[in-house]
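Q: Sequence and predicted model, in that order:
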Amino acid sequence: MCDLFLGGLALQWRQMLPVRMEESEDRIYHENLALVRRRILAFVLRRLAPQHADFAQAEDIAQSCVVTLWEKYPDKRELGEMVGIAIGAARHKVAQFRRDRDKRPGISDWAADLREFHDPQNPHSGERIFEQVAAREYMNALLLGLLKLSPRCRQILSLKLIEQRSYPEIRMVMGISGNIYEMAKRCHKTLLRILGGIGL
Amino acid sequence: MSPSDRFDPDALLLGYSAGELTAEERDALFQAAAVNQDLFDQLMDAEAMRHALSFPEQRKRAGEVLNAWEFEHAGDEELAAPAGLSWQGIKGKTVPLQSRRPEPVNYAALENRAPYRTHARFTDLFRSVLTTVATTLLLRICYSLLTAIGASLLVPGAQLGGALIGTVPPVPPILHLVQAAIAALLLAVQFTPFLKPQVIAERDHPIARKSLAQFIAGWRWAWAGWLMLYLWLWVHGGSGAQPDPIADILNCLTSFPLFWCFFVLDKPSIALPGYPERNASFWRAIGTAWGVGAGVCLMAVAGRLHLWGLNEFGLVFLGLYDGLAIAFLVGRFDSHWMKVPRWMLVPLYGYALIQMMWVFFFKLPPEWQIYSYLVALLFKVCLFLVVTHLLHAGNLRRYLEAAEEGKLGPQTEASTTVS
């Protein structure tokens, strides 16, 4: 009787195990979502608030990124994957926010109604144009950052990032015998610091 | 990516911007960014950069803008981006420039300067008048203060033409003792946690770290020299004798460490494991400065003792040596990397000028000697405050780190201009 009872209990437990694991995975997933949301919110607050956005708007941006993760990428549940998607989404949402704030005339509202707007393959779609405009603005900020660097750093990063040369090639072009990789790394670090100040 | 296996966020961020990371490296970076807000913020910037760089037409435009910029600013060494440059300010036109023709180019509007208005000229004129009045008043007040303090210290009978001239020292020994006490205090402060210099991380900037240690050593040495000089003057001055050759030697010994500090900031002073001759120019300069100092010292002593047919004119060279040591060092503080407010440089250069004249102070009327002595004391304290500020606020750290990163110095000597 006792064995039967214990056997039944064990069976019940085994049946519950997948459910528990699923619950645990869900809990981790939601924790990850919360973590990603917190990071994006802090980033947006640091960069946009209070001059360009208030707290509620920053929360909206962070929330919309999480919703994108939740709805469009439900299978991406690893933290690394989620961050990778989230940063792209956050970049997009921040650019959208800037566009809406500035009411950029380059993309009119009616374009949003067109069927092909969301077609990424269509080179004339609103989405594509928007991405190009955003890229142009990012590039302007990047140029501004590069111009604030020392001539040497600017040359290294220009060769690396813009001309996409390899390190040996950069060493040859610049005639530097030192550790070009270390120099590039430090220059890039400075560039990121400048870009942070500009408010990319 | 770096061949090293250790987690290096800077390397990963560079790789991410350049689009060169493997899936594993990307994942490591993302995981780290999820738990570190600063890294996440940098990753967001790197993401924006990567996105912009993924458009070939944007890369082409960026290359053209940079070409135009380099062409326009060819020859500038310490190229600072114009103040007030904003993100919005750079928006706009592409730059149709690939060739290096010496023609004016129309490139992206980087500045939005308002035209210089006429009423601004009147403001400038008014400012100039105001400065004249303020300077006159301020200097008059300073003179009153100096004469009031100086007169109270003047030994009776030591005035020009007084009965005791030549037998009573014009600068009372107590003033030397005060100088010595201040030097001792300021030297002691450097060994306490109060106003401690900012530390440079060994891992990030090993060269800058060692350079900073060299600078601090030289700086302390200078203060120890001043302490010895004023102690000597105090002890020796009590006997009523004129300044003597030992004081000249000690004076020279205070200037040499200032040259040392200058060369630490000016030349590659640290040898590297695979590059032992890297600091050769530094040691050459140090040897020369030392040799010149010894020669100048010999001339001063000979002049003071009227040897080799010399008179006190031999002291001129010592004055020049002292003054130049401070002027060279202060000249380094002029760098915008140091961020020393320009007005702060005034007393420092003033101190250099006073040093040049100091050797002839014994020819001045006694009260003038005391006034100049007080001004020199004030300037010396200013020098201490500026250097302590540079060390404590991290300005010197940033300068040395920038030097190590190759951001300073001539463009042709890529990695050799580091301190």
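A: Nice, I can see it. Residues are numbered from 1 along each chain as shown, chains lettered A, B, ... in the order given.
Q: how about the helices of the chain, start to end?
A: If you meant another chain, say so; for now it's chain A. A:2-48, A:55-72, A:79-102, A:109-113, A:126-147, A:151-157, A:167-174, A:180-198 (DSSP state H).
Q: I was thinking of chain B, sorry if that wasn't clear
A: B:9-18, B:23-34, B:37-53, B:56-72, B:87-90, B:118-153, B:173-189, B:206-237, B:245-266, B:280-304, B:315-333, B:345-358, B:366-393, B:395-404.
Q: In CSV, list those helices along with distance to chain A, mean neighbour count and mean pLDDT.
A: Every residue, glycine included, has its C-beta placed from N, CA and C. Formatted as CSV, the helices of chain B follow (distance: least, C-beta to the nearest C-beta, whole Å; neighbours: other C-beta atoms under 10 Å in any protein chain shown; pLDDT from 0 to 100):
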stretch, distance to chain A, mean neighbour count, mean pLDDT
helix B:9-18, 4, 23, 91
helix B:23-34, 4, 18, 91
helix B:37-53, 4, 23, 91
helix B:56-72, 4, 18, 84
helix B:87-90, 5, 17, 36
helix B:118-153, 27, 11, 75
helix B:173-189, 32, 18, 86
helix B:206-237, 11, 20, 88
helix B:245-266, 17, 22, 88
helix B:280-304, 16, 17, 87
helix B:315-333, 17, 22, 88
helix B:345-358, 23, 19, 83
helix B:366-393, 18, 19, 85
helix B:395-404, 8, 23, 82
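Q: Closest residue of chain A to chain B?
A: Across chain A, the shortest distance to chain B (C-beta to the nearest C-beta) belongs to residue A:178, at 3.1 Å.
Q: From residue B:365, how far off is that residue?
A: 58 Å (C-beta to C-beta, to the nearest Å).
Q: that older thread, which stretch among the helices of chain A is buried most, on average?
A: helix A:151-157 (a mean of 23; mean count of other C-beta atoms under 10 Å in any protein chain shown).
Q: show me what contacts the residue positioned nearest the centre of chain A?
A: Central residue of chain A (C-alpha atoms, centre = their mean): residue A:87, 1.3 Å from the mean position. Contact partners of residue A:87, counting by C-beta atoms under 8 Å, 6 or more residues apart in numbering or on different chains, are B:30, B:33, B:40, B:43-44, B:47.
Q: give me phi/psi at the residue of chain A closest to chain B?
A: With angles defined as degrees, to the nearest 10, residue A:178 sits at phi -70, psi -170.
Q: In terms of pLDDT, where does it sit?
A: Note on residue A:178: pLDDT of 72.
Q: number of nearby residues for it?
A: 16 (other C-beta atoms under 10 Å in any protein chain shown).
Q: any idea how far it lies from residue B:275?
A: Counting by C-beta to C-beta, the gap from residue A:178 to residue B:275 is 9 Å.
Q: Scan the helices and strands of chain A for the one with the lowest mean pLDDT.
A: The weakest-scoring helix or strand in chain A, judged by mean pLDDT, DSSP states H and E, is helix A:109-113 (a mean of 48).
Q: where does chain A dip in pLDDT?
A: Scanning chain A with the threshold set as pLDDT under 70 gives A:1-21, A:102-128, A:198-200.
Q: quick check: domain ranges of it?
A: A:1-100, A:129-200 (automatic domain parsing).
Q: need these in TSV with distance to residue B:233, can you?
A: TSV is the format used below for the domains of chain A (distance: least, C-beta to C-beta, whole Å):
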stretch	distance to residue B:233
domain A:1-100	57
domain A:129-200	46
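Q: So which of those is nearest residue B:395?
A: domain A:129-200 (16.1 Å; C-beta to C-beta).
Q: For residue B:229, which non-adjacent residue is spatially closest?
A: Closest residue to residue B:229 apart from its sequence neighbours, by C-beta to C-beta, 6 or more residues apart in numbering or on different chains: residue B:250 at 4.1 Å.
Q: so that neighbour makes contact with residue B:225?
A: Yes: counting by C-beta atoms under 8 Å, residue B:250 touches residue B:225, with 6.6 Å between them.
Q: Pull up the overlap in contacts between these two.
A: Here residue B:250 and residue B:225 share no contacting residue, scored by C-beta under 8 Å, 6+ apart.
Q: which of the contacts of residue A:87 sit farthest apart?
A: Longest span within these, C-beta to C-beta: B:30 and B:44, 11.8 Å.
Q: Can you name the residue of the stretch 151-300 of chain B nearest to chain A?
A: residue B:204 (8.4 Å).
Q: Look up phi and psi at that residue.
A: Torsion angles, degrees, to the nearest 10, at residue B:204: phi -80, psi -40.
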